[in-house]
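Participant: coords below, sequence missing:
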């Protein structure tokens, strides 16, 4: 277990205030300062840079704070692991909305007999990463971008990113279209912070195009609602092929082949770095989740 100086520094790195840190720990401000200076001396590192009225955490300090957070989370999970019978443990994992529809059912089916209770939190990539950082999730299934140096991860599968519209849209008569031909269409998009939105925005940027170049942008945070609106011929959308597979196969939606849209994205199982439950993550990865 880490000594109190590390805990004090972690709190200071979060609120960037000696006064707030002292109040949170119920100690004096000079005591906080003394602990931080003692830690810097022992480590022979500068962790804090203070120029009134701003307190900044150095690059080494940021790395240390992340390490402390990791250790605290892993320690708590390890203690629960020791205390609980293997099948009496609870599991909480996250999933982005896009992949929740076609991946999480198989994951839950494959691991449900190993836990007493299982909870799946479905939200966007940004929120899921914050929950992992705070120790609120054991792992998550993500299709969005994340810092691969900060987390442990395994690639579960790869997904094709496509353009989809109603079978009644006149644009479907073309074997291939240019993105400029779609700008007159309404664009149905996931909310800001979602992985698919980020992927699409980056691709548009490479073409010197923005979302606002389309006729109208309609933001929706549920993939199933987007598909229903596409069936009603309300516009076009960009998504993972698995999300529209059933509708495409049933003849309700059709894939539009857009020139230059050649994006294959990995779906990752992500957890806090050096996760104690790494064996579990490998088990999930090796199970068939297609």
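Facilitator: Looks like it arrived, so ask away. No experiment lies behind these values; they were computed from the predicted model shown.

Participant: distance of residue 92 relative to residue 122?
Facilitator: Look at residue 92 and residue 122: by Cβ to Cβ, to the nearest Å, they are 12 Å apart. Quick note: C-beta positions are derived from backbone N, CA and C, even for glycine.

Participant: same question, residue 76
Facilitator: Going from residue 76 to residue 122 by Cβ to Cβ gives 24 Å.

Participant: these two: who's more crowded?
Facilitator: residue 122 (17 against 12; other Cβ atoms under 10 Å).

Participant: for the more buried one, grab phi and psi.
Facilitator: phi -110, psi 120 (degrees, to the nearest 10).

Participant: report the beta-bridge partners for it.
Facilitator: For residue 122, the beta-bridge partners under DSSP bridges are residue 95.

Participant: OK, contacts around it?
Facilitator: 94-97, 100, 104 (Cβ atoms under 8 Å, 6 or more residues apart in numbering).

Participant: what pLDDT does it get?
Facilitator: As predicted, residue 122 sits at a pLDDT of 91.

Participant: how about residue 22?
Facilitator: Per-residue pLDDT puts residue 22 at 92.

Participant: okay, helices next: where are they in the chain?
Facilitator: Listed in chain order, the helices of the chain (DSSP state H) span 4-15, 18-25, 29-43, 59-83, 97-100, 104-111, 125-133, 195-206, 223-231, 241-249, 278-286.

Participant: what about the protein, any weak spots by pLDDT?
Facilitator: Along the chain, segments meeting pLDDT under 70 span 1, 77-88, 274-290.

Participant: so which residue is dead centre in it?
Facilitator: What sits nearest the mean C-alpha location of the chain, by Cα atoms, centre = their mean, is residue 125, with 3.0 Å.

Participant: any idea which of the contacts of residue 122 has the most stuff around it?
Facilitator: Of the contacts of residue 122, with other Cβ under 10 Å as the count, residue 96 tops at 28 neighbours.

Participant: quick one: which of the contacts of residue 122 is nearest residue 58?
Facilitator: Checking the contacts of residue 122 against residue 58 with Cβ to Cβ, the nearest one is residue 94 at 30.7 Å.

Participant: pull the contacting residues for residue 39.
Facilitator: 5-6, 8-9, 47.

Participant: what would these look like in TSV with neighbour count and distance to residue 224?
Facilitator: What follows is the contacts of residue 39, written out as TSV (neighbours: other Cβ atoms under 10 Å; distance: Cβ to Cβ, whole Å):
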residue	neighbour count	distance to residue 224
5	18	50
6	19	45
8	24	47
9	25	45
47	21	47
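
Participant: quick one: residue 28 and residue 22 touch, right?
Facilitator: Yes: with contact defined as Cβ atoms under 8 Å, residue 28 counts as touching residue 22 (5.9 Å).

Participant: more neighbours: which of these two?
Facilitator: Neighbour totals were compared for residue 28 and residue 22, and residue 22 leads with 19 against 12 (other Cβ under 10 Å).

Participant: what sits closest to the more buried one if chain neighbours are left out?
Facilitator: In space, and not counting its chain neighbours, residue 22 is closest to residue 29: 4.4 Å by Cβ to Cβ, 6 or more residues apart in numbering.

Participant: any idea how far the one you found is from residue 17?
Facilitator: 10 Å.

Participant: cool, and residue 138?
Facilitator: Counting by Cβ to Cβ - residue 138 and residue 17 are separated by 31 Å.

Participant: would you pull up how far stretch 63-72 lies from the middle of the chain?
Facilitator: Counting by Cα atoms, centre = their mean, to the nearest Å, stretch 63-72 is centred 19 Å from the centre of its parent chain.

Participant: same deal with stretch 31-50?
Facilitator: 33 Å.
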